[in-house]
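S.K.: Based on what follows, work out the 3D shape:
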Amino acid sequence: MTTASSMMQVMVPLYAVSLGLGPQWLGILIALPGVFPVLLALQAGRMVDRGGPGRWLLIGMLGMCLAPGVLVVWPGVAALVISRMVVGAFVLFVSLSAQSLTAVVDNGRSHQANYGAYATWQAAGRMVGPVLFGVLLDGYGFRLTFLVILIILAAGAGLAYLVYRRTGDLRADGSTDVVGSGKAFKSIVGNVGFQVAVLASAGIFLALTVREAFLPVMLEQMGMSATLIGTLVSIGSLTAVLIRLVMAPVVRLLGGTGPTLIWTMASVALGIGLLAVAQSVTAFAILAVVVGFGTGIGFPLSIVAVATHVPVRQRGMALGLRLSASHLIETFVPALAGILVAVTSFAVGFASAGVILGVFTLMSLRRMPRFLAMEKEVQVAAASPAATAPSSGPATTAEPREQPGEEPREP
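M.R.: Below you'll find the predicted structure:
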C-alpha cells in the first residue's frame, strides 16, 4: 500500500499540472484525502476495534484499489478528485488496522521493536514507489502507470486477505466501552505523551504534505526529468530505512524518546525550510537525507509515545484522535499553502512550512519535563510485581517486555 500511495503522491502534482491546474488547486488536491480522517477517525477507530483489524485491513486495501482504478477507466480532473477522496477514506482504515495489529503482536519483542519493523517496511515502500513511478511515467505515460499502481494495490489486498485469515476477528483492545466516553476523551487529550505525539506527527505530516505537493512541480520547472524527481524523493525514504537499522543507539545517544522526538522535528523543519534556498541537485539530495532522518525516527516514536503513555483500553481512541489531529492540519494547511504559493513563490511555501514545524518543536520542548516524568512512572510501573504477573487476557494482547528507547520502532 505504501509503495502505491507514494507513487500516487508524486503523481498528483505532475498529473494535475498536465491537466492545466494551478498551484492553488494543487494544495486542495493534496489536502482532499485528509477530509475523511478528520471527520471519521474516531468512528473508524471504533469500527476497527469492534470488527477486528484484520477484517478492516482487507476492506481498506480493497477500497484503495478504486483510487488508481478510476484514473485508468476515466482520466481527467473529476477522476483525480474522486481518486483523492477514495484514498482518504480507505487509507484511514488501513493505517488504523495496521497500527492496531502491530500493537497486539505477541512475539516477545517491545512495542518499539515491532513498530520499528512496521515503519521500516513503510519507508521501503516510500523509497521504491517514487523511483518506480518516475521510470514508468518517462517510459509509458500516466495511464499505464495508473494501471501498475492498481496491480500493486491488488497484490496488497491479496496479502491483506491472508492477514485476515490468520487473525480472524482479533480485536486490538479487550473492550470498547470507553471509546466513546467523554471521560476517556479528556483523559487522552490531557495525556502529555499523547500531546507530544500529536505535535510531532501533525507537524511532520504538515511539512511533508507541503513538500510532496510542490517539490515535484518546482523540480520539473527547473528542467529535471520524472526519473530524477522520483529519485530525489526516494532518497529521503532510503535514509528513513537505513536510520531505523540503528534507531536504538540513536535514541540512547540523543537521550531517550522525548529528546529524540525534539531532534527529529527540528531536522524535518530544517530540511523542509531550506528548500526555499536550494538550487542544485546535491542540495536537494542533502535536504532529503535530513528530512529522511527526521521522519525515519520521528513517526515511529510518535506512535510509540501513544502506545506507551496511553492506557490499553483507550488505545484505539487515542490512535484515532492522533490521526484526526494530524489530518485536520494536513487538510487545511496545503490548501492555504497553495494560495500562498500562487501569490508568492515556492520558496515562501517551503519556508512557511519549516517555520510552523519549528513552532511545534518549541511547543513539544516545553512539555518535555512532564513527558519525561510520566515516562519514568510508566517504567517504574512496568517493573513492579503487578506488571510482571501473568495476564488474564489473551496472549495476543501482551504488553511489551522492554522499555521505550531500548529498541527501534515505527514511523
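
S.K.: Show me what counts as buried in stretch 128-138.
M.R.: For stretch 128-138, burial by neighbour count (16 or more other C-beta atoms under 10 Å) applies to 128-137. Heads up, the C-betas are built off the backbone N, CA and C, glycines and all.

S.K.: What of stretch 234-245?
M.R.: Neighbour-count burial for stretch 234-245 [16+ other C-beta under 10 Å]: 234-244.

S.K.: repeat for stretch 321-338
M.R.: Neighbour-count burial for stretch 321-338 [16+ other C-beta under 10 Å]: 321-331, 333-335, 337-338.

S.K.: Same check on stretch 5-24?
M.R.: Buried positions in stretch 5-24, judged by neighbour count with 16+ other C-beta under 10 Å: 5-17, 21, 23-24.

S.K.: Let me know the closest of those to residue 269.
M.R.: Nearest to residue 269 among those is residue 9, at 20.3 Å by C-beta to C-beta.

S.K.: in whatever helix or strand residue 349 lives in, what counts as buried?
M.R.: Per DSSP states H and E, residue 349 falls inside helix 346-366. Residues 346-347, 349-354, 356-358, 360-361, 364-365 are the ones in helix 346-366 that count as buried (16+ other C-beta under 10 Å).

S.K.: all strands for this structure, in order.
M.R.: Shown for the chain, no strands are assigned by DSSP state E.

S.K.: Below-threshold pLDDT in it: ranges please.
M.R.: Residue ranges of the chain with pLDDT under 70: 41, 111-112, 169-182, 312-313, 315-316, 330-331, 334, 378-379, 381-411.

S.K.: ok, back up a step: and the buried residues of stretch 234-245, which of them are in helices?
M.R.: 234-244 (DSSP state H).

S.K.: where's residue 203 relative to residue 375, distance?
M.R.: 20 Å (C-beta to C-beta, to the nearest Å).

S.K.: out of these two, which sits in the busier spot?
M.R.: residue 203 (26 against 21; other C-beta atoms under 10 Å).

S.K.: any idea how far residue 78 is from the closest residue to the more buried one other than its chain neighbours?
M.R.: Among residues not flanking residue 203 along the chain, residue 360 sits closest, at 3.6 Å (C-beta to C-beta, 6 or more residues apart in numbering). Separation of residue 360 from residue 78 (C-beta to C-beta) stands at 35 Å.

S.K.: wait, which of the buried residues of stretch 321-338 is closest to residue 116?
M.R.: residue 322 (17.9 Å).

S.K.: can you tell me which residues contact the closest one?
M.R.: 194, 197-198, 201, 302-303, 306 (C-beta atoms under 8 Å, 6 or more residues apart in numbering).

S.K.: and if we set it to 6 Å?
M.R.: 197-198, 306 (C-beta atoms under 6 Å, 6 or more residues apart in numbering).

S.K.: now, which of the buried residues of stretch 5-24 sits nearest residue 252?
M.R.: Out of these, the member with the shortest distance to residue 252 (by C-beta to C-beta) is residue 6, at 30.2 Å.

S.K.: Can you get me a residue count around residue 301?
M.R.: 31.

S.K.: Neighbours of the closest residue to residue 66 other than its chain neighbours, how many?
M.R.: Among residues not flanking residue 66 along the chain, residue 86 sits closest, at 4.8 Å (C-beta to C-beta, 6+ apart). Per other C-beta under 10 Å, the neighbour tally for residue 86 reads 21.
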